[in-house]
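J.: My questions are about this predicted structure, shown below with the sequence.
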Amino acid sequence: MKVGDQELDGSRLEAVPLAEPVVVPRAVADAALAVAPFPPIADYAFLSDCEVNALVAPSGRVEWLCLPRPDGRSVFGAMLDRAAGSFRFGPTGAMVPAGRRYLPGTLVLETTWRTRTGWMVIRDALSIGPWYHERRRSGTHRRPPTDQEAEHMLVRTARCIVGRVELSLDCEPVFNYGETAAQWEYVGQGYDEAVATGGKDDVPMRLVTDMRVGFEGPGAHATRNLREGETAFAALCWPRSQFSASEEFLAEHPPPRTASEAFERIERTANFWRGWINHGVFPEHPWQSFLQRSALTLKGLTYAPTGAVLAAATTSLPETPGGERNWDYRYTWIRDSTFMLWGLYTLGFAREANDFFYFMADVAKDDDLQVLYGVGGEKELEERVLEHLGGYAAARPVRIGNGAYRQRQHDVWGALLDSVYLHIRSRDYLPEHVWPILKRSVEAAIAAWREPDRGIWEVRGEPKHFTSSKVMCWVAADRGARVAQMHGDTWLAAHWRKAADEMHAEICKRAVDERGVFVQHYETTALDASVLLIPLVRFLPPDDARVRATVLAIADELTEDGLVLRYRVEETDDGLTGEEGTFTICSFWLVSALVEVGEIARARELCEKLLSYASPLELYAEEIDHRSGRHLGNFPQAFTHLALINAVMHVIRAESGLDTGQFTPLGLP
């Protein structure tokens, strides 16, 4: 079989050596983006059933879906190459909707369309229903199952509300990251059900609809005229893995057969999300919707069977238009853990925080701690380049896997220890089996803190003595000493406290420049936004002159139009070429840090500005281009939404006269 000029046999991708990146000049990339058929990154809608994710373009086309897990191989990959598969369900000939929104408190997308002949409303959801594994285990769950779980089904409904509208269905999967064209076959005696298959390692998909489907090449297509009040639906379902028995799965959990059943599935899914968000505790504040949308996004980025949280739903969306800074973020980073637990506990989502905590305990129990893991706890995440994909708006290379799993990054131990400390404070309990993990991690930090590493930004240049890495090693020793004291091990507490004090003294001596400002690493005077964590992790009190000088220096010197850069690329050996946008995480960190040093009015002004940059559906990518406001990088980005929660809560608490530094989990006794 051939797709394009590729000879295919359905086998797995072979490892490809990293090619020299193709870097497109920025002016060319901007011009290409203006005319290319790729929607802006911020215009995608995010769907999730807490086992897989989908991104839907404004045109109604699903342009990203990986099966059977969020880090699996794509079946719809048009986001990275227009020939890599998509699934459109919407009015014929109309590509610009009249309006889009999430049903309030949900991840159910509603799109309203106006055509010359009428109006139509489309609703899309990755459906969630009652737990259905009554006779056998799911095979993937490690965390305690809840009463609901993913139905492994994308449900799409249409209702004509005014006049008459022709509805089109165009389902064109291309398996294995756009390499294997689908083979379609009818199921049953009619035209309302068909199965698409790919290679031997691909998950088959079954399309069920009340439209009459025909096949044209690798796609399934249908049209139908709907008059006012009439409805239609399409459901795409798949087994949990390529090893599942499809017929057994479908018999146990059948797809909807009528439009009314499909509408019921959508409503049931909406009620699941509304019920979930009601477990949270949100301040009565005009910014409440941003907190709720961030919480829903984080829940959607959770892989429920293990409790892992993805850094983002996508791979290789560019950090620079047309550039090479394109990475696979469909994994779990340990450094996200502190902010993850802080955010979830702060908003009252104790169960999700608990599940993520035990995911970390699982991956850390045997070996040295890695920077990142697969959502199932996988340790080897070999990085490969997919040469056959053109990339989002010509940004290449397209990568899968992430070579950072091999890097030494010394902040991971501090992130883990701070997470353990937060967990203990929220539960007033330390699981005994976690104590050996904690001890091993503290000792690893003490053994390594004098060595250089790749730092929080995973630079691919030479290792350096990064200040933020040293600070997080201090966090490991400091939190370890506190937990050891709680655990009754006074000797170990004293030993770790001594190590923490030694680290503290060296950092304050070697990482501060002549102005009294903390710098990126010991051998430079360059600024780095990661040192904004210094007051947030309580390395120094907010009223320390060095903290204030550092926060204000970053606000004044490491920003573009008020938005924060990670670092100046011309001052940092990160092993890459080209520029990058401002990092939204860092801008939200600056909001929190400004509150800490008493600059509350300035913090609120920056926070309002950042919230104004939210996507139309209140989502965030990794970066923002300060010139255009365009979102850059993978989407939606968990770390950005975590930093948003932290920043917004800092401002709200400061304006309410509350202690911004006091960890007070909401919704807990």
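T.: Nice, I can see it. Residues are numbered from 1 along each chain as shown.
J.: residue contacts, the nearest residue to Asp411 once chain neighbours are set aside?
T.: For Asp411, ignoring the flanking residues on the chain, the nearest one in space by Cβ to Cβ, 6 or more residues apart in numbering is Met472 at 3.7 Å. No exception for glycine: its C-beta is placed from N, CA and C like everyone else's. Shown in contact with Met472 (Cβ atoms under 8 Å, 6 or more residues apart in numbering): 410-415, 445, 456, 533, 537.
J.: and Asn53, what are its bridge partners?
T.: Applying DSSP bridges to Asn53 gives these bridge partners: Ser48.
J.: Also Asp328?
T.: Thr315.
J.: next one: Thr112
T.: The partner residues for Thr112, given DSSP bridges, come to Gly99, Val121.
J.: Next, work out how far apart it and Cys160 are.
T.: Thr112 is 12 Å from Cys160, where distance means Cβ to Cβ, to the nearest Å.
J.: One more: Tyr102?
T.: Distance from Tyr102 to Cys160, by Cβ to Cβ: 22 Å.
J.: more neighbours, those two?
T.: Comparing Tyr102 with Cys160 by other Cβ atoms under 10 Å, the one with more neighbours is Cys160, at 25 against 20.
J.: isn't there a strand covering that one?
T.: Yes - counting by DSSP: H, G, I helix; E, B strand; the rest coil, Cys160 is found in a strand.
J.: Verify the contact between Ala484 and Ala499 for me.
T.: No - Ala484 is beyond contact range of Ala499, at 11.6 Å (criterion: Cβ atoms under 8 Å).
J.: OK, contacts around Asn634?
T.: Counting by Cβ under 8 Å, 6+ apart, Asn634 makes contact with 311-317, 327, 329, 621-622.
J.: Okay, strands next: where are they in the stretch 251-400 of the chain?
T.: In order along the chain, the stretch 251-400 of the chain carries the following strands (DSSP state E, counting those that start in this stretch): 302-303, 308-309, 332-333, 372-373, 384-385, 399-400.
J.: can you put those in a markdown table and add mean neighbour count and mean pLDDT?
T.: As requested, these are exported to a markdown table (neighbours: other Cβ atoms under 10 Å; pLDDT from 0 to 100):
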| stretch | mean neighbour count | mean pLDDT |
| --- | --- | --- |
| strand 302-303 | 26 | 94 |
| strand 308-309 | 26 | 93 |
| strand 332-333 | 28 | 94 |
| strand 372-373 | 24 | 94 |
| strand 384-385 | 20 | 96 |
| strand 399-400 | 22 | 98 |
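J.: Select, out of these, the one closest to Ser59.
T.: Judged by Cβ to Cβ, the one of the strands of the stretch 251-400 of the chain that comes nearest to Ser59 is strand 399-400, at 25.4 Å.
J.: got a pLDDT number for Ala232?
T.: Per-residue confidence for Ala232 comes out at a pLDDT of 98.
J.: Let me know the secondary structure of it.
T.: strand.
J.: Cross-check the contact I'm expecting between it and Thr223.
T.: No - between Ala232 and Thr223 there is no contact under Cβ under 8 Å: 10.3 Å.
J.: Of the two, which one has the most company?
T.: Taking other Cβ under 10 Å, Ala232 and Thr223 do not tie; Ala232 has more neighbours (23 against 13).
J.: how about low-confidence regions in the protein?
T.: 1-36, 132-143, 241-252, 660-669 (pLDDT under 70).
J.: And the residue nearest the centre of it?
T.: Ala312 (2.2 Å; Cα atoms, centre = their mean).
J.: ok, it - contacts?
T.: Ala312 touches 301, 329-330, 622, 633-638, counting by Cβ under 8 Å, 6+ apart.
J.: Mind listing the shared neighbours of Ala484 and Ala499?
T.: Between them, Ala484 and Ala499 share no contacting residue under Cβ under 8 Å, 6+ apart.
J.: so how far is Val162 from the closest residue to Thr106 other than its chain neighbours?
T.: Leaving out its chain neighbours, the residue that sits closest to Thr106 by Cβ to Cβ, 6+ apart is Trp273, at 3.8 Å. For Trp273, the distance to Val162 (Cβ to Cβ) stands at 28 Å.
J.: Looking at those two, which has the bigger crowd around it?
T.: Remark: of Trp273 and Val162, Trp273 carries more neighbours, 22 against 14, as counted by other Cβ under 10 Å.
J.: Break down the stretch 351-500 of the chain into its helices, ranges please.
T.: 411-427, 435-448, 467-487, 490-510 (DSSP state H, counting those that start in this stretch).
J.: Take the ones you listed and write them to JSON lines, including distance to Met120.
T.: Below are these laid out as JSON lines (distance: least, Cβ to Cβ, whole Å):
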{"stretch": "helix 411-427", "distance to Met120": "47"}
{"stretch": "helix 435-448", "distance to Met120": "54"}
{"stretch": "helix 467-487", "distance to Met120": "51"}
{"stretch": "helix 490-510", "distance to Met120": "60"}
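J.: ok, His285 - how many residues close by?
T.: His285, neighbours per other Cβ under 10 Å, totals 15.
J.: meant to ask about Ala448, not that
T.: 17.
J.: Would you confirm that it contacts Arg408?
T.: Yes - using Cβ under 8 Å, Ala448 is in contact with Arg408, at 7.5 Å.
J.: Distance of the residue nearest to Asp411 relative to Arg479?
T.: Distance from Met472 to Arg479, by Cβ to Cβ: 10 Å.
J.: Need the residues touching each of those two.
T.: Gly414.
J.: Tell me which of the helices of the stretch 351-500 of the chain sits nearest to Ile277.
T.: Comparing the helices of the stretch 351-500 of the chain by Cβ to Cβ, helix 411-427 comes nearest, at 19.8 Å.
J.: Which positions in the closest one come out as buried?
T.: For helix 411-427, a neighbour-count test (16 or more other Cβ atoms under 10 Å) marks 411-424, 426-427 as buried.
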